[in-house]
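Peer 1: got a predicted model here, sequence first, then my questions.
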Amino acid sequence: MASSSIDPRVRLSVELALTGTNASKPLFAKQEEAGRALGMTGAEMDMARRGSSFDFETSIAISLALNACQETHQRALRAGLSEEACAEIERISQACRSPMMILC
């Protein structure tokens, strides 16, 4: 498995934003556990579920995941995310929006 080009907290925040408050109870519990293991607060996880973050880079990543288009991709690059990170966030977004998605 290739290593991730994005921080685990950013990745989880993106997944939280994509599943929002519609996550199943098992997925919700899994995400909460993962967030706590990464040192995230409840407020950080709640904010991500609402599509935002207290952290600038994480907010940009969430924005790209929720609206993966050329404009947000370019905005993310200008904000300092790498091309690899943008591509990975877009893959996560696409996988989470897939009708066959079981878990992000």
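Peer 2: Nice, thanks for sending it over.

Peer 1: where along the protein do the helices fall?
Peer 2: For the chain, the helices defined by DSSP state H occupy 8-19, 25-37, 42-49, 56-66, 70-78, 83-97.

Peer 1: packing partners for the shortest one?
Peer 2: When you say that, I think you mean helix 42-49. helix 8-19, helix 25-37 (3 or more C-beta pairs under 8 Å, 6 or more residues apart in numbering; DSSP states H and E). For the C-beta atoms, the positions are set from N, CA and C on the backbone; glycine is no exception.

Peer 1: what's the angle from that helix to helix 8-19?
Peer 2: 50 degrees (axes from the mean of the first three to the mean of the last three C-alpha atoms, to 10 degrees).

Peer 1: just the fourth one next, same as before
Peer 2: Regarding helix 56-66 and helix 8-19, their directions subtend 40 degrees when assessed with the same axes, to 10 degrees.
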